[in-house]
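Undergrad: I would like to see how this sequence folds:
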Amino acid sequence: MAELPVLITREEVMRLLRYTDLIPKLESALALFSKRSGAELVQPLRTIVPLQKHNGFLGLMPAYIAHEDILAAKMVSFYQRDPDSVLPAHQATVLLFDPERGNVKAVMDGTAITEMRTAAVSAISTKLLKPCRQEVLCILGSGLQAVSHYQVFTQMFSFTQVRVWSRRRERAEQFARAVAGPVTMCSSVKEAVEGADVIVTVTMAKEPVLQGEWVKPGAHVAAVGACRPDWRELDDVLMRDAVVYVDSREGASTESGDIILSGASVFAEIGEVINGTKPALCEKTTVFKSLGMGIQDAVAAKLVFEQWKSQL
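TA: Numbering: from 1, shown residues only. Predicted structure coming up:
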């Protein structure tokens, strides 16, 4: 008889999952994905169930990595919340399976995994595409993803200033209290963006908030929000002028309003840069459009489970 699955809470996930372990695993998974290795990696496009009555969506993201023997699936809900809502926009659960027998080994908080693996992939894109000068980091948005991006970006890079913008001043103040270092709160997107070397967009915007005319030539933009084909964070000017990288061409052409509605061409997957089959054009203005993939959740879940077992 199969053992009952273990339950791993958000607090445990955040204690057990470390960026120093996660980033190399994600780099390997992204590289493998871009090699199109057939049965070695199986990841169907995310399935989305629209919940129009409640202004939300439910997504299912399964993935199998054969050589790592990882089988996992994430269920994630994302909602357009009222401004005064205390509920997070995203909530998720990850199931980790035994690939040989098919039973569930662990049920774990997927929201923390999503926050950390998304921020880690943004940091990987920045490591590969970063401009020569890395002094000013700008974060547009102030939710949980903004916090996780701040944490990993300030661990990996030596920024002298971090600016944040949020539609609501009180949310920006909450963000500033949640992070360890100094933050400059900006009253407008333009103020936050101008002169920034790296820009992270983690908003729930449906219309562009970042205009290309504000972006310094040679800056890198890690765009995480606007995960629906009719939502956007970035305007046509930026999408036209920048070199565009993605995590998955298929995902971007199906789910990214920034790419679909602008008509922008994708230069490369970030895994192709890791593999050396596409160049990192760091001297150009670059955009990394992140949609998120099941393999990212899968490798993170395995790391959490292995750490949990090691501490028994």
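Undergrad: drop to CA atoms for contacts and neighbour counts, all remaining ones
TA: Noted.
Undergrad: Residue 306: neighbour count?
TA: If you count neighbours by other C-alpha atoms under 10 Å, residue 306 ends up with 12.
Undergrad: Check the offset of the helix or strand hosting it from the chain's centre.
TA: Using DSSP states H and E, the element containing residue 306 is helix 294-310. The gap between the average C-alpha position of helix 294-310 and the chain average comes to 17 Å, counting by C-alpha atoms, centre = their mean, to the nearest Å.
Undergrad: Give the other helices and strands that it contacts.
TA: On a contact count with 3 or more C-alpha pairs under 8 Å, 6 or more residues apart in numbering; DSSP states H and E, helix 294-310 meets helix 10-16, helix 19-34, strand 56-65, strand 70-79, strand 90-97, helix 110-129.
Undergrad: List the buried residues of that helix.
TA: Burial within helix 294-310, assessed by neighbour count using 16 or more other C-alpha atoms under 10 Å, is assigned to 294-305, 307-308.
Undergrad: Include distance to residue 184 and mean neighbour count when you put the helices and strands packed on helix 294-310 into TSV, please.
TA: Output for those, formatted as TSV (distance: least, C-alpha to C-alpha, whole Å; neighbours: other C-alpha atoms under 10 Å):
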stretch	distance to residue 184	mean neighbour count
helix 10-16	26	16
helix 19-34	25	18
strand 56-65	32	19
strand 70-79	28	22
strand 90-97	26	22
helix 110-129	20	24
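Undergrad: Reformat those as CSV; add mean pLDDT and distance to residue 288.
TA: Shown next, in CSV, are the helices and strands packed on helix 294-310 (pLDDT from 0 to 100; distance: least, C-alpha to C-alpha, whole Å):
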stretch, mean pLDDT, distance to residue 288
helix 10-16, 97, 25
helix 19-34, 97, 13
strand 56-65, 95, 21
strand 70-79, 95, 21
strand 90-97, 95, 21
helix 110-129, 97, 7
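Undergrad: Export these to CSV and append columns for distance to residue 206.
TA: What follows is these, written out as CSV (distance: least, C-alpha to C-alpha, whole Å):
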stretch, distance to residue 206
helix 10-16, 29
helix 19-34, 27
strand 56-65, 13
strand 70-79, 12
strand 90-97, 16
helix 110-129, 20
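Undergrad: Let me see the contact set for the residue most central in space within the chain.
TA: The residue lying closest to the centre of the chain (C-alpha atoms, centre = their mean) is residue 118, at 2.6 Å. Counting by C-alpha atoms under 8 Å, 6 or more residues apart in numbering, residue 118 touches 145, 224, 290, 292.
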